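Enquirer: Can you look at this prediction? I've put the sequence above it.
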Amino acid sequence: MARIGILTGGGDCPGLNAVIRAVVRKGINEGYEVIGIKNGWKGLIEKDTTPLDLDSISGILPKGGTILGTSRTNPYKKEGAVGKVVANYKALGLDALVAVGGEDTLGVATKLVKENINVVGVPKTIDNDLSSTDYTFGFDTAINIATECIDRLHTTAESHHRIIVAELMGRHAGWIALEAGIAGGADVILIPEIPIDMDEVCALLKKRHSRGKTFSIVVVAEGAQFKQGSIVLQEQKLDEFGHVRLGGIGEKLANEIEKRTGYETRVSVLGHIQRGGSPTAFDRVLGTRFGVKALELVSQKKFGRMVALSANKIIDVPLEEATGKLKTVDPEYYELAKVFFG
Ligand code: F6P
C-alpha cells in the first residue's frame, strides 16, 4: 500500500482541515495510507506524526485552524535539518508528500523536489498573495470576517461622529484590505501597493464631511506605508523565512488624521481574528477541491506541482511558478475602489 504524508505549515487559516479531510477521504478510497505530519516542516525534522484515518478526520470540515498544528520552521535555516527531512521521509516509508502552505512552506517544498521528495503543493493563506492561483483558501473567510467588523465599526463611528481606522492583515499585498474595504463600504482604503498620500487622505475625509457626513471609515493594510516613510513594524526581529512582523500603521495613520483634520479618530486592529474560526462555504469547497486534486496528482505521479484555481477550474502548475513572485493588487483594481472614496 502506498503511503502519503500531509503537513500544514506557516500561518494557519480556515479551510486547512477541509484539505486534510479531502486528501484522507480520497486517499483511503484509492487504497492509500495517509500519515499526518505535525506542525509543518518541524514535524518532518522531528519525525512527529499521527496516523490519519476516517475517524481522525470526522467532523473537522467546519473547524478553523489545522488539526495537524503548524509552525514557521524553515529546514533550510537549521543546521542538518534538510538531511533529517529527507531521512525521515524515507524512514516513514512515504511515497509522496502533500505540503499545504503559503509562499514559505511551498518555497521549501520547491527546493525539496531537488532532494527527490515527491511533493505536491496546496496553496493556502488569508493574504491571497500566491501567484498562479486566482484564490487561496482562507482569504474568503478573512474578508468576510473583516467586512463584518467594518460594518460594526460603522455603527459606532456614526454614533460618535468619529473617524475609525481599521488595520487589516495581508502582509505586503493589499487584497484583504481592498476587498473587505470594498465590501464594507470603506471611505478610504490604503494598501501596500500604493504609497499613502496624507494630503489626499485628509482631502477625501474633509470632502465627505463637507457633504454632511460626520463619520468615516478608513481601512489600511498592515503593509501600507506613507509616501515619505518606511514600513511600520511591531518588532525588528526576522522570522526563519526572513519576514518582519508588520503592525502599527493604523495607530500612526489615526494620529496623523486627527492632527491634520481635527476630527476625533480611533483605531481598531483586527489582527488574528481574521484568521480564526470556521471557514466560509467558499473556503470549505475550495479546500475540498484542492485536496482531491492533490491526491489525483499523487496518483498520476505529477510531483513538483501545485494545485491552483484558474477561471473556476482546478488546475496544476509548477511549484516554482507559484512561489517565484508575490501576487499583488493590480492598480486598475484599486481605481475601482477609489470610485467610492470620500
Ligand atoms: O500570512 C498570514 C498572516 O496572517 C499575515 O497577514 C500576517 O502579517 C502574519 O500572518 C502574522 O503572522 P503571525 O501569526 O506569526 O503573527
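Expert: Received the coordinates, thanks. Numbering: from 1, shown residues only.
Enquirer: what are the ranges of the helices in the stretch 1-150 of the chain?
Expert: 16-29, 41-46, 81-91, 103-112, 139-160 (DSSP state H, counting those that start in this stretch).
Enquirer: Those helices: which one's closest to Lys252?
Expert: The minimum distance between Lys252 and those falls on helix 139-160, with 18.3 Å, by C-beta to C-beta. The way it works is simple: take the backbone N, C-alpha and C, and place the C-beta from them, glycine included.
Enquirer: Now do the buried residues in the closest one.
Expert: For helix 139-160, burial by neighbour count (16 or more other C-beta atoms under 10 Å) applies to 139-147, 149-150, 153-154, 157.
Enquirer: measure the residue of the chain at minimum distance from the ligand to Ile194 for me?
Expert: Nearest to the ligand in the chain, going by C-beta to the nearest ligand atom, is Met169, at a distance of 3.3 Å. In this view, Met169 and Ile194 are 18 Å apart by C-beta to C-beta, to the nearest Å.
Enquirer: So between these two, which is more surrounded?
Expert: Using other C-beta atoms under 10 Å as the criterion, Met169 and Ile194 rank with Met169 on top: 24 against 17.
Enquirer: quick one: the more buried one and Val220, what's the gap?
Expert: Counting by C-beta to C-beta - Met169 and Val220 are separated by 11 Å.
Enquirer: How about the residues of the protein by the ligand?
Expert: Gly11, Thr125, Ile126, Asp127, Met169, Gly170, Arg171, Glu222, Leu246, Arg275 (C-beta under 6 Å from any ligand atom).
Enquirer: could the residues you listed be laid out in CSV, adding pLDDT?
Expert: Shown next, in CSV, are these (pLDDT from 0 to 100):
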residue, pLDDT
Gly11, 96
Thr125, 97
Ile126, 98
Asp127, 97
Met169, 98
Gly170, 98
Arg171, 96
Glu222, 98
Leu246, 95
Arg275, 97
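Enquirer: before we move on, back to that, can you list phi and psi of the residue of the chain closest to the ligand for me?
Expert: phi -80, psi -170 (degrees, to the nearest 10).
Enquirer: What ranges does this protein have for its strands?
Expert: Secondary structure of the chain (DSSP state E): strands at 3-8, 33-37, 49-52, 96-101, 119-123, 163-168, 188-190, 216-221, 233-235, 245-246, 265-269, 305-310, 313-318.
Enquirer: which residues touch the residue of the chain closest to the ligand?
Expert: Met169 makes contact with Ile126, Asp127, Ala142, Ile176, Ala221, Glu222, Leu270, Gly271, Gln274, Arg275, according to C-beta atoms under 8 Å, 6 or more residues apart in numbering.
Enquirer: at 7 Å what do you get?
Expert: Ile126, Ile176, Glu222, Gln274 (C-beta atoms under 7 Å, 6 or more residues apart in numbering).
Enquirer: confidence score at the closest residue to the first one other than its chain neighbours?
Expert: When you say that, I think you mean Ile126. Among residues not flanking Ile126 along the chain, Ala142 sits closest, at 3.8 Å (C-beta to C-beta, 6 or more residues apart in numbering). Ala142 carries a pLDDT score of 98 in this model.
Enquirer: swap in Gln228?
Expert: Value for Gln228, per-residue pLDDT: 87.
Enquirer: Could you tell me which residues within stretch 314-331 count as buried?
Expert: Ile314, Asp316, Val317, Leu319, Glu320, Ala322, Thr323, Lys327, Thr328, Val329.
Enquirer: For those residues, please prepare JSON lines with the additional fields pLDDT and distance to Ile28.
Expert: As requested, the buried residues of stretch 314-331 are exported to JSON lines (pLDDT from 0 to 100; distance: C-beta to C-beta, whole Å):
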{"residue": "Ile314", "pLDDT": "98", "distance to Ile28": "20"}
{"residue": "Asp316", "pLDDT": "98", "distance to Ile28": "22"}
{"residue": "Val317", "pLDDT": "97", "distance to Ile28": "27"}
{"residue": "Leu319", "pLDDT": "95", "distance to Ile28": "25"}
{"residue": "Glu320", "pLDDT": "91", "distance to Ile28": "31"}
{"residue": "Ala322", "pLDDT": "88", "distance to Ile28": "27"}
{"residue": "Thr323", "pLDDT": "86", "distance to Ile28": "30"}
{"residue": "Lys327", "pLDDT": "96", "distance to Ile28": "34"}
{"residue": "Thr328", "pLDDT": "97", "distance to Ile28": "39"}
{"residue": "Val329", "pLDDT": "98", "distance to Ile28": "40"}
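Enquirer: Grab the two from those residues that are most spread out in space.
Expert: Counting by C-beta to C-beta, the most remote pair of those is Asp316 and Val329, 25.1 Å apart.
Enquirer: and Gly80, how many residues sit next to it?
Expert: Gly80 has 10 nearby residues by other C-beta under 10 Å.
Enquirer: Break this protein into its domains for me.
Expert: 3-137+279-322, 140-275 (automatic domain parsing).
Enquirer: Name the stretch among those domains that sits most buried.
Expert: domain 3-137+279-322 (a mean of 21; mean count of other C-beta atoms under 10 Å).
Enquirer: which residues of the stretch 151-300 of the chain fall in helices?
Expert: 175-183, 198-210, 249-261, 281-299.
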